[in-house]
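Student: this one's structure only:
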């Protein structure tokens, strides 16, 4: 987006043109910020689609997507899935990372690949947790994040009274 000043508006003075340039730069920064926010929202959706397609292709079990938009400053979505064994969890993680890299999201990082009981993939706007079923049941992230979301929305005093 660019802004233009019409000629003959009294901005011929040096201070007027500086003011005009400052306003133009400010308007361009605002337009860029709005565009960046829209791109970030699309990026989270695109990342989620890539991850979910990979998990579906590789027969991941009990796939859950938790929307954390406006609830967490860390990420916009959390995807939780189970693999049948350590080998399956490792293959799921490897294929998700490979698909992300092929789609241009090569900056994703993974933790837990050595043991493959619980693998965490941090792709920025989307975090993926891959578990063996026993480990997933023990940590129960779905319950933790759903309770955190409810507590954040509850009026003061009601969360403590219900707990």
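Tutor: That came in fine, so what should we check first? Note that the coordinates shown come from a computational prediction; the quantities given were computed from them, not determined experimentally.
Student: residue boundaries of the helices in the protein?
Tutor: With DSSP state H, the ranges of helices along the chain come out as 14-57, 86-102, 133-139, 141-153, 158-162.
Student: Just the pLDDT at residue 33, thanks.
Tutor: Here, the pLDDT recorded for residue 33 equals 54.
Student: my bad, residue 105
Tutor: Residue 105 is given a pLDDT of 79.
Student: Surely it is in contact with residue 123?
Tutor: Yes: between residue 105 and residue 123 a contact is recorded at 5.9 Å, counting by Cβ atoms under 8 Å. Any C-beta I mention is one placed from the backbone N, CA and C, and that applies to glycine too.
Student: which residues do the two both contact?
Tutor: Among the neighbours of residue 105, those also in contact with residue 123 (Cβ atoms under 8 Å, 6 or more residues apart in numbering) are residue 47.
Student: And those two? Which one has more around it.
Tutor: Taking other Cβ atoms under 10 Å, residue 105 and residue 123 do not tie; residue 123 has more neighbours (25 against 19).
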